[in-house]
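Peer 1: what's the 3D shape of this:
(2 chains)
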Amino acid sequence: MASLLTKLRALFDRPPDPVALAEAERLRAVYRERCGHFRHLLSANKTALEVMADMEETLRGGRPFGLHYVRGASTRVTASVFQMVRALNSLTEDRYRDLYASFDAVRTAIEACLGSRHRSERGPLVLPIADISLDMADETGGKMANLGEIRRRLGISVPDGFVVTASGFQYFMAANGLQEEIDRRIQAANAGRLDEVFALSSSIQSLILRAPVPDDLAAAITAEVERLAASHAGPLRLAVRSSAVGEDALGASFAGQYRSELNVTPEDVLDTWREVVASKYGVTAMTYRHNRGIPDEDVAMCVGGLVMVDALAGGVAYSRNPLDLRDNTVVINAVAGLPKAVVDGSWTPDVFVVSRDVPPRLVRREIASKPGRFVCDPVEGVRLVELPEAERTLPSIDDALAVEIASLAAGFEVYYGEPQDIEWALAPDGQLVILQSRPLKEAVHEAPLDIAAAAGPDVPGGGGSAYPVLLAGGAAASPGTGAGDVYVVRRDADLLGFPDGAVLVVERSLPRWAPLLGRAAAVVAEAGGTAGHLASVAREYGVPALFGIEGCVAALEGAGTVTVDADNRRVHPGRIEALLERTPPRNLMQGSPVFETLQQVARLVVPLNLLDPESPSFAPGNCRTLHDITRFCHEKSVDALFGAHEGSPAEALAGKQLRAGVKLQYWVIDIDDGFIDPVPGKVVDIANIRSLPMLYLWDGMVAVPWAGPPTLDAQGFFSVVFESTANPDLEATAASPLANKNFLMVSADFCNLQARFGYHFCTVEAQAGDDAHGNYVSFHFKGGAASPDRRVSRALLVAEVLEEQGFRVDVKEDALFASCEGQPREETLALTRLLGYLIIHTRQVDMIMHNATARAALHQRLRDEMLAVRQRPAVVVPYVQPHR
Amino acid sequence: MNILIVDDETEFLELVGKRLARRGMDVTTASSGEEALTLAEGRVFDVVVLDVKMPGIDGLETLRRLRVMHPTMPVLLLTGHASLGSAVSGMELGAFDYMLKPVAINELIIKLNEAARLGGA
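Peer 2: Numbers count the residues shown, from 1 in each chain, chains lettered A, B, ... in the order given. Take a look at the predicted model:
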């Protein structure tokens, strides 16, 4: 086969001979196919690196993501790496079949991380409350398990009832392929965008509401309702309440995210159950799970059906001050009628503070003006009854009951071994009934707060503040300070326009505003107490909240930027940095199941162990991560395509060294019609290049002479030296014979450059044909020698410059991906030329990146020179007689 | 370019079909694997975009049969169910790539061009 070269040469020395022509055609076909595999490999390589960078950034970024992100990213990177393995083997006549085994091992391990989270065994679909205890929380949800436990062990009055179990829920969701369809819809949407979540939520909920309940499940529920009706005097009404599995785990409060229906008739129980199930996919709940990293499939919606208590009064008791668990008091929120008004934050409740001394002692009482009370409607549901003016300021419960509730709460805390959050009701017969008890989460805060200050009487004029005060008073529902632009939300539609980092201002502290808490700097509400759902979520998210400031909407609307100091119960105009020195916002994702899953997967994907291509350990068997495989495939494919050895059959098909005056460290492969004349030798002259994208790239590279590495200050220099010694990859790769070479693949309309400039890798690819739709130019680089922050800073600078030129740019850590598609040939070529300029003139600029003045000057220079590069004359390929 | 899009979600078919047609592509749609196979009997497409989860003959089986009929016709899998297993199975059956919904129309077009140019191997 050494005759290949001779044959090719012969072809052009003699008049065409049909046999030789056919042979040349065959060679061309083989050649084109090889180039095709290589391009496919490069494209997959790019996707794989993009996904890896994205995974890393997602882990570091603290921005919420769902399990579908983890699954999607894993699938994308796995599919891409498989393509690389396949392409490399096609390119090398299956020389690296061993890679499939390494790939399979990694892939199996990734699949295990993502593995099914469902329990396989199925328990009873429905359980009566008498059969429930705390250890059954997996089947009944925490709320119902606790109620069962309280009834059983503590002998305290709780309503009779039943639970439709996690098994019942999963049975229903599996019955109609419902879960699968839901997962598909979630993957296809963007859970980070509230408008999409709204659309998704409504489509999924209506899917659930339309799904038929399997007969045996419906029969089991009906049987329990009939049992209750038989043992109940008078017409039976039920409270149908969510009791999701995982509701109270993970330090996640899930407060009020799901639907609960009060005073439901027996006939409507089944439909109501389905509605509560559907509320798993309510906007509030979906956003909450997304923000907290809770996988959808970990949440089974168990639902309790409890005999309705037509409460005379009700509310919430905290066995400790939720703002500071060290504070030795029980805090009770109470309203007349059903406790709903407290939980919903509909209006400000009465607050009773009881000391935990023996015997307990009422420390303080604040009686709010309550506009009404919720009562059971004689037919169904709940009705708001307005209170006559004279009754509004009457205490909702007497002091004796407050002390009784407090003793109970303190007792629960002892029993459960941790502070409790208890929903209670005063039944018409005067009995105290417990509706719910769950662990109380403390707000994230450095300094302990004085409850008296946090919920004391109003401070007119906000006395004592060194700063101007817009508003003062109310109660600190969640501690801390935050600043941002005021944004008033009145309706759901207002949610969509909520800007990141704004101060949320509402009339009532309703749970439905919770989706904004992941993005709000602070919350201010006219009505609502510290025991409402929104308050719990605010504390959980570490968002400062000030509730119960009358007239705050009118006072703050249009106020622009304000600083909310919840600790001191004041709102100041403007942004007051001195007050904002708080602990940074929590990373709510860290430690969550979704976060941990991504971490596990990333360990199998991202680390690079194969560093030195010259080392004997650079082998398929040592590929332990997808990055290893990616690296191996890239190295070996370049080798296979460009690195043909003397006399090997591939030599004729190998790359030609580029000559522009002198021979350069660039090797060019013509994948189709990129050369004007055939090149039998080892060197191709720049004048023989027909590829316009390559010529434009080249024109950009040589347009402005490179001034050499920037002048470094000592720090910049040491940063480079340090990285070079700390990062063996930099040195090791330099030892490879291919390491200092740059590779170009070209056809008339196409060019791909794989280059290594200084310490960073970069790829430019451009397709510039007649059809604008198929045109694109893309640019990718990563790495560098300076410290990571300087590399990131350089990536950001290059990103800025490229965006100004019309590129779409994505920076992930120190990696940059830029592209522009669908432009006409001329513009695509112009952009390619700019990239040529840029890859030369941003070499090593990471070294001066910490210096703001130097950075600004560099930015300006790049801008000016790019303008000049844009104005260079068109590159013309001399018309040459076609050679065939 | 001659494209066949196969998906049981008719809304998706219409939307993507329209958008690709606007970009100058010749688009044929099929709402099931069976329909796709019938269409492919009579003609060769530059690229086939195939959903994985469909009632009746699913995407992977459709892919297998398409590969028998036209071994060099590139097939892109595009699915709403991210699954490592089906991704690798699809690639082993010779799919050009495995993409996840939602996909930006630009990204899809670039991938279609790439498949038309490089696929078929």
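Peer 1: what's the closest non-adjacent residue to the closest residue to chain B within the stretch 401-550 of chain A?
Peer 2: Relative to chain B, the nearest point of the stretch 401-550 of chain A is A:Leu496 (19.2 Å; C-beta to the nearest C-beta). Placement of C-beta: from N, CA and C, glycine included. Closest residue in space to A:Leu496, ignoring its immediate chain neighbours: A:Asp195 at 5.2 Å, by C-beta to C-beta, 6 or more residues apart in numbering or on different chains.
Peer 1: what is the neighbour count of that neighbour?
Peer 2: 11 (other C-beta atoms under 10 Å in any protein chain shown).
Peer 1: thinking again about what came up before, if I look at the residue of the stretch 401-550 of chain A closest to chain B, how far off is A:Gly484?
Peer 2: From A:Leu496 over to A:Gly484 the distance is 17 Å, taken as C-beta to C-beta, to the nearest Å.
Peer 1: who has more neighbours, the two?
Peer 2: When A:Leu496 and A:Gly484 are compared for neighbours, A:Gly484 comes out ahead with 21 against 12, by other C-beta under 10 Å.
Peer 1: so which helix or strand takes in that one?
Peer 2: Secondary structure from DSSP states H and E places A:Gly484 in strand A:481-488.
Peer 1: which residues sit against that strand?
Peer 2: Contact with strand A:481-488 is made by A:494, A:497-499, A:501-506, A:520-522, A:543-544, A:553, A:556-567, A:575-576, A:579-580, A:582, as judged by C-beta atoms under 8 Å, 6 or more residues apart in numbering or on different chains.
Peer 1: with stretch A:680-694 instead?
Peer 2: A:5, A:8-9, A:12, A:656-660, A:663, A:668, A:670, A:673-677, A:679, A:695, A:698, A:744, A:746-751, A:753, A:766-768, A:777, A:825, A:828-829, A:832, A:875, A:877-878, A:880.
Peer 1: right, is the least confident helix or strand in chain B by mean pLDDT up against chain A?
Peer 2: Lowest mean confidence among the helices and strands of chain B (mean pLDDT, DSSP states H and E): helix B:105-118, at a mean of 86. Yes. Against chain A, helix B:105-118 shows contacts by C-beta under 8 Å from any C-beta of the partner chain at B:106, B:109-110, B:113-114, B:117-118.
Peer 1: dump these to TSV, plus neighbour count and distance to A:Ala137.
Peer 2: Below are those laid out as TSV (neighbours: other C-beta atoms under 10 Å in any protein chain shown; distance: C-beta to C-beta, whole Å):
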residue	neighbour count	distance to A:Ala137
B:Asn106	16	48
B:Ile109	23	51
B:Ile110	21	50
B:Asn113	21	54
B:Glu114	22	51
B:Arg117	19	57
B:Leu118	21	54
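Peer 1: now the two most distant members of these.
Peer 2: Pairwise distances among the residues of helix B:105-118 next to chain A were taken by C-beta to C-beta; the largest, 18.2 Å, belongs to B:Asn106 and B:Leu118.
Peer 1: which SSE is residue 27 in?
Peer 2: All of this is about chain A. A:Leu27 is part of helix A:18-61 when elements are defined by DSSP H and E.
Peer 1: nope, chain B
Peer 2: Remark: B:Val27 resides in strand B:26-30, with elements defined by DSSP H and E.
Peer 1: what about that strand, distance to the chain center?
Peer 2: Computed by C-alpha atoms, centre = their mean, to the nearest Å, the chain-centroid distance of strand B:26-30 equals 10 Å.
Peer 1: and the contacts of it?
Peer 2: B:1-7, B:13-14, B:17, B:20-21, B:36, B:39, B:45.
Peer 1: how about the residue most central in space within chain B, phi and psi?
Peer 2: Nearest to the mean C-alpha position of chain B, counting by C-alpha atoms, centre = their mean, stands B:Val49 at 1.4 Å. The phi/psi pair for B:Val49 (degrees, to the nearest 10) reads phi -110, psi 120.
Peer 1: same question for B:Ala82.
Peer 2: When read as degrees, to the nearest 10, the backbone of B:Ala82 gives phi -70, psi 120.
Peer 1: then A:Asp399?
Peer 2: Torsion angles, degrees, to the nearest 10, at A:Asp399: phi -60, psi -40.
Peer 1: need the contact list for it.
Peer 2: A:Asp399 neighbours (C-beta under 8 Å, 6+ apart): A:352, A:362, A:365.
Peer 1: of these, closest to chain B?
Peer 2: Among those, and counting by C-beta to the nearest C-beta, the member closest to chain B is A:Phe352, at 51.8 Å.
Peer 1: surely that closest one touches A:Arg361?
Peer 2: No. With contacts counted by C-beta atoms under 8 Å, A:Phe352 stays clear of A:Arg361, the gap being 11.3 Å.
Peer 1: neighbour-wise, which of those two wins?
Peer 2: Between A:Phe352 and A:Arg361, counted using other C-beta under 10 Å, the more crowded position is A:Phe352 (29 against 14).
Peer 1: list phi and psi for that one.
Peer 2: phi -120, psi 130.
Peer 1: among the contacts of stretch A:680-694, which are in reach of chain B?
Peer 2: Within these, those near chain B by C-beta under 8 Å from any C-beta are A:Gln767.
Peer 1: buried ones among the contacts of stretch A:680-694?
Peer 2: For the contacts of stretch A:680-694, a burial check counting by 16 or more other C-beta atoms under 10 Å in any protein chain shown picks out A:8, A:656, A:658-659, A:668, A:670, A:674-676, A:695, A:698, A:744, A:746-751, A:753, A:766-768, A:777, A:825, A:828-829, A:832.
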